[in-house]
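Participant: Pasting a predicted model and its sequence here:
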Amino acid sequence: MHFPSFPSFPAADAFCILLAGGQGTRLHELTSTECKPAMPFAGGKLVDFTIANAMRSGMPQVLVATQYLPASLTRHLETEWRHQFPGGIEIRDGYRLRSNGYRGTADAVRANLAEIAASGAEEILVLSADHVYQMDYRAMLESHRASGAKVTVAVTRAPLAQASSFGVLSADSDGVIADFAEKPARPHPTPDDPTHALISMGVYVLDRRWLSEMLAFEDGMDDFGQDILPEAVRQGVARVHQPTTNGTFYWRDVGTLDSYRLAQLDFIDPARAPLPLPAATVKPSRQMLLAAERGSVLLPGARLGYRTRVERAIIAPGAIVPDGLVIGEDPEDDQRWFRVTRGGTALVTAAMLDRYREERPRLHLITLPFLPARSS
């Protein structure tokens, strides 16, 4: 896979920390045995997009803050990515550092401040491990240093109807953030487009000394969106950075079943994917392509039986859909057996199908009308 070359900006002067401890509760059963960054995506894992960005941007090392079910993610990073970084990848699990783990995104940085300071870095690049995008972090670092800001936030635009799921902000003509709200019920649109809002991508560059002062308070200041960014805005020291591209900037937070399914469909055909795939290209199977035609996604080990019809569904790893089963055409029946979102995505797991096989025949017999025996 060929990746574009990035400018030779001294990224080594910044310390990169990757936040990868989230459970991803809105993905429900998909993350019951796996952390969100390790979820399968585009032939690899979700974390691959962000870690590939860090590698291509010349980050010499990455500290990964893990917490929820980290075993699979740790193995993947150590076997597939550690050799790509001269300084390696260091895994810092919250529950190994503290009995109660990290209390929030900013607290994960607090717990590792001593190591960050020992590196001599004056800026901290904070990344989230569960977003899909391609970005040159060195351009953001350069913008941050030139502006003199204490906090720089990478931003993109999102439809107003979806913006309430993100941190929403507004900035003046110089890029200084004037207002920030974490997941507001009524997000403010951008001045030039009433249908979109400016949202945080969850990518930050922070002045290490300034952040250390903020994190010196053990009570509070545990989360970037809830605590650190609002304080930086209040002080007038926060600025925005919008990644530049030749076309539409592709960024997805696949935090819900609907967004996870739709983003997967964008990458079902590697030749038409909106971004280069960071993992080895895997040719989709015929079943995967047929499922995609109906808006459905087959995860690793999932299979469809003979003459199944599956619409707008995620078939979880290892789930075998029985012959003749129809999903996505009768919402009431689907909800009886599977998890169905308001957006119409059905999540189908192996356990759900086991229950379907066990209870459906019995339910069918119970609801059959009573027919009197024929007289001879």
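Facilitator: Arrived safely.

Participant: Can you give me the neighbour number for S57?
Facilitator: Burial of S57 is recorded as 21 neighbouring residues (other Cβ atoms under 10 Å). (C-beta placed from N, C-alpha, C; glycine too.)

Participant: Not counting its neighbours along the chain, what's nearest it?
Facilitator: The spatial neighbour of S57 that comes closest, neighbours along the chain excluded (Cβ to Cβ, 6 or more residues apart in numbering), is Y137 at 4.1 Å.

Participant: tell me the contacts of the one you found?
Facilitator: Taking Cβ atoms under 8 Å, 6 or more residues apart in numbering, we find Y137 in contact with 11, 16, 53-54, 57, 59, 125, 127, 203.

Participant: Confirm for me that I228 is in contact with E213.
Facilitator: No. I228 sits out of contact with E213 when judged by Cβ atoms under 8 Å, with a separation of 11.1 Å.

Participant: before we move on, back to that, narrow the contacts of Y137 to those in helices?
Facilitator: 53-54 (DSSP state H).

Participant: Reformat the contacts of Y137 as JSON lines; add distance to V340.
Facilitator: Conversion of the contacts of Y137 to JSON lines gives the following (distance: Cβ to Cβ, whole Å):
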{"residue": "A11", "distance to V340": "44"}
{"residue": "C16", "distance to V340": "39"}
{"residue": "N53", "distance to V340": "34"}
{"residue": "A54", "distance to V340": "37"}
{"residue": "S57", "distance to V340": "40"}
{"residue": "M59", "distance to V340": "41"}
{"residue": "L125", "distance to V340": "39"}
{"residue": "L127", "distance to V340": "33"}
{"residue": "V203", "distance to V340": "33"}
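
Participant: From the contacts of Y137, keep the buried residues only.
Facilitator: Buried subset of those (neighbour count, 16 or more other Cβ atoms under 10 Å): 11, 16, 53-54, 57, 59, 125, 127, 203.

Participant: Now distance to A292 and pLDDT too, for these, in JSON lines please.
Facilitator: Rendered in JSON lines, the data for the buried ones among the contacts of Y137 read as follows (distance: Cβ to Cβ, whole Å; pLDDT from 0 to 100):
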{"residue": "A11", "distance to A292": "37", "pLDDT": "56"}
{"residue": "C16", "distance to A292": "34", "pLDDT": "98"}
{"residue": "N53", "distance to A292": "26", "pLDDT": "97"}
{"residue": "A54", "distance to A292": "30", "pLDDT": "97"}
{"residue": "S57", "distance to A292": "32", "pLDDT": "96"}
{"residue": "M59", "distance to A292": "34", "pLDDT": "96"}
{"residue": "L125", "distance to A292": "35", "pLDDT": "98"}
{"residue": "L127", "distance to A292": "29", "pLDDT": "98"}
{"residue": "V203", "distance to A292": "30", "pLDDT": "98"}
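
Participant: quick one: which two of these are the most distant?
Facilitator: Across the buried ones among the contacts of Y137, no pair lies farther apart than A11 and V203, at 13.8 Å, counting by Cβ to Cβ.

Participant: Which of the contacts of Y137 fall within strands?
Facilitator: In this view, the contacts of Y137 that belong to strands under DSSP state E are 16, 125, 127, 203.

Participant: Closest one of those to E90?
Facilitator: C16 (10.6 Å).

Participant: Report the separation between that closest one and A238.
Facilitator: When distance is defined by Cβ to Cβ, to the nearest Å, C16 is 20 Å away from A238.

Participant: now K36
Facilitator: Between K36 and A238 the computed distance is 27 Å (Cβ to Cβ).

Participant: what does F267 give?
Facilitator: F267 is 33 Å from A238, by Cβ to Cβ.

Participant: what about those two, which has more around it?
Facilitator: Summary of the neighbour comparison: F267 and A238, criterion other Cβ under 10 Å, with A238 having more neighbours (26 against 18).

Participant: Identify the residues contacting the more buried one.
Facilitator: For A238, the contacting residues are 149-153, 176-177, 180, 229, 232, taking Cβ under 8 Å, 6+ apart as the criterion.

Participant: where do the helices sit along the stretch 51-200 of the chain?
Facilitator: Taking DSSP state H, counting those that start in this stretch as the criterion, the stretch 51-200 of the chain contains helices spanning 71-76, 94-97, 105-110, 113-118, 137-147, 160-163.

Participant: isn't A158 right up against T195?
Facilitator: No. Using Cβ under 8 Å, A158 is not in contact with T195; the gap is 10.1 Å.
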